[in-house]
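Novice: Give me a 3D structure for the following:
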Amino acid sequence: KKATAAQHATGVIKIDGPHQPHSLHWMTILVNGKEIVAHNAECGPDDVIAVAEQLNVLDGDPFEVPADAHSVCVLQSESCSVPWGCGGYVGSQDATTCVIAFVLSRASVNVVHFDDGNSEVHSYLGSSVEGIEATEEGVQLHLVGSYDDEGGVGRQILRNILNYYHRHPVRFNLGTAMVGSLNTRRESPGHGGVRLPIYSGACVDLATRQLKPATFADRGPWLLQRQCRCMTGGPPSSVFDPATRRFVVRPWAFGLDARTKQQFLRLSRERDDARLLHATSTSPMAEGPHVAGDVRRALKLLAACPSSEALFPTGLAPQQFVWAAPPHAAAGPPAWRPYEVCGD
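Specialist: Prediction:
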């Protein structure tokens, strides 16, 4: 359903729209119960723009999820499936040409940060529908990111993700599409009038079931190692176990050759922030102020640890974290802490 005037004013959208009928042989994305395009046709950015007035609208300043709030923030090439009963917040940020997809089912919120950089597109996006039966009704889809960049990268990523959901056996009810030209603004002429995203992050409040633009003060454990995944061609990974409700970091096998190691070292040492982003990002003018620092630290780490054996000295076993207070009655807020230390 369309956002109310109050929702427009606050930038907060309640995401519990009407359920729609299901038919297994009719695979398509729905808006208010009607197909965007015929089930056997391609679904692209222009089809979403055509129904924009029927979709929810994000507005207002991004909400910063506090560091001490129970939250799961997925990075690029990551996903999660978080049950409603967990409480807290789930989402992602730093999606410029990428798309953050929220899939809401009866049991959980599934989130994927899709960058189109991995050839296993179906297994990548498949994590966002994990545990959802094809016969379930009322499954909601909300998309944020993928601004209309000059190079057309975001448009192609958006087309790929739309067609994946359009052809999936589950019938998705598209509620929010803060993507493409709907998520694009023009910077002032003093900056060359470049296109920039309006929002590059969002979260779902698991208690209120609200979707809102957001950033995360804490992006979770092992942040620097996780940021190395895309740079080393690591496979997409889920970062949350819904059964145990633990944050899970899954190391991956890789090895950089000497030339790549030296290239990473030179990039991290010799380029200022602007030049570094131009060398590493599909949208260097649109990145947040912290991104260059993230990239530089990851490049330095990989130059120092150019293999999985060096980056993950304890091996490739998944590392588990629980949301807990500091051990031994130490002062401090709750956080994601190693399971080996906290136990149950």
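
Novice: number of nearby residues for residue 130?
Specialist: 16 (other Cβ atoms under 10 Å). All C-beta atoms are positioned from the backbone trio N, CA, C, and that covers glycine.

Novice: Touching, it and residue 109? I think so.
Specialist: No - using Cβ atoms under 8 Å, residue 130 makes no contact with residue 109, being 11.8 Å away.

Novice: shared neighbours, those two?
Specialist: Common neighbours of residue 130 and residue 109, using Cβ atoms under 8 Å, 6 or more residues apart in numbering, are residue 81.

Novice: which element is the spatially most central residue of the chain on?
Specialist: Nearest to the mean C-alpha position of the chain, counting by Cα atoms, centre = their mean, stands residue 113 at 2.9 Å. Counting by DSSP states H and E, the element that carries residue 113 is strand 108-114.

Novice: who's in contact with the helix or strand just after that strand?
Specialist: The helix or strand immediately downstream of strand 108-114 is helix 121-126, counting by DSSP H and E. If you take Cβ under 8 Å, 6+ apart as the criterion, helix 121-126 is touched by 77, 79, 101, 112, 114, 118, 160-161, 164-165, 236.

Novice: same check, this time on stretch 331-342
Specialist: With Cβ under 8 Å, 6+ apart as the criterion, stretch 331-342 contacts 67-68, 70, 218, 220-221, 246-247, 319-327.

Novice: now do 10 Å
Specialist: 66-72, 218, 220-222, 244, 246-249, 319-328 (Cβ atoms under 10 Å, 6 or more residues apart in numbering).

Novice: Show me which of the residues you listed are buried.
Specialist: 69-72, 218, 220-222, 246-249, 319-324 (16 or more other Cβ atoms under 10 Å).

Novice: Tell me which of the residues you listed fall in strands.
Specialist: 71-72, 246-249, 319-324 (DSSP state E).

Novice: hmm, back to that, pairing partners for the strand holding residue 113, with directions?
Specialist: Paired strands of strand 108-114, with direction, are strand 78-83 (antiparallel), strand 99-104 (antiparallel) (DSSP bridges).

Novice: most packed of the ones you listed?
Specialist: Mean neighbour count (mean count of other Cβ atoms under 10 Å) peaks for strand 99-104 among the strands paired with strand 108-114, with a mean of 26.

Novice: quick revisit: would JSON lines of the strands paired with strand 108-114 with mean pLDDT be doable?
Specialist: Converted to JSON lines, the strands paired with strand 108-114 look like this (pLDDT from 0 to 100):
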{"stretch": "strand 78-83", "mean pLDDT": "96"}
{"stretch": "strand 99-104", "mean pLDDT": "97"}
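
Novice: what does stretch 288-298 contact?
Specialist: Here stretch 288-298 makes contact (Cβ under 10 Å, 6+ apart) with 75, 93-94, 96, 197, 200-201, 215, 219, 223-232, 264, 267-269, 271-277, 279-281, 283-284, 287.

Novice: ditto for stretch 44-55
Specialist: 1-3, 13, 29, 31-32, 34-37, 41, 142-143, 146, 148, 154-160, 162-163, 166, 174-182.

Novice: Just the buried ones from those, in ChimeraX syntax?
Specialist: Buried subset of the contacts of stretch 44-55, written as a ChimeraX selection, criterion 16+ other Cβ under 10 Å:
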select :3,13,29,31,35,36,37,142,143,146,148,154,155,157,158,159,162,163,166,174,175,176,177,178,179,180,182
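
Novice: Show only the entries of the contacts of stretch 44-55 found in helices.
Specialist: Among these, the members found in helices (DSSP state H) are 154-160, 162-163, 166.

Novice: Same list as before, those that is, but in a markdown table and with distance to residue 335 and pLDDT included.
Specialist: Shown next, in a markdown table, are those (distance: Cβ to Cβ, whole Å; pLDDT from 0 to 100):
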| residue | distance to residue 335 | pLDDT |
| --- | --- | --- |
| 154 | 34 | 93 |
| 155 | 38 | 93 |
| 156 | 38 | 91 |
| 157 | 33 | 92 |
| 158 | 35 | 93 |
| 159 | 39 | 90 |
| 160 | 35 | 90 |
| 162 | 37 | 92 |
| 163 | 39 | 89 |
| 166 | 39 | 91 |
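
Novice: how about those in CSV, adding distance to residue 87?
Specialist: Listed next are the ones in helices among the contacts of stretch 44-55 as CSV, based on distance: Cβ to Cβ, whole Å:
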residue, distance to residue 87
154, 33
155, 36
156, 37
157, 31
158, 31
159, 35
160, 33
162, 31
163, 34
166, 33
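
Novice: Touching, residue 161 and residue 97? I think so.
Specialist: No - with contacts counted by Cβ atoms under 10 Å, residue 161 stays clear of residue 97, the gap being 11.6 Å.

Novice: Tell me how far the strand holding residue 113 lies from the chain's centre.
Specialist: The chain centre lies 7 Å from the centre of strand 108-114; the measure is Cα atoms, centre = their mean, to the nearest Å.
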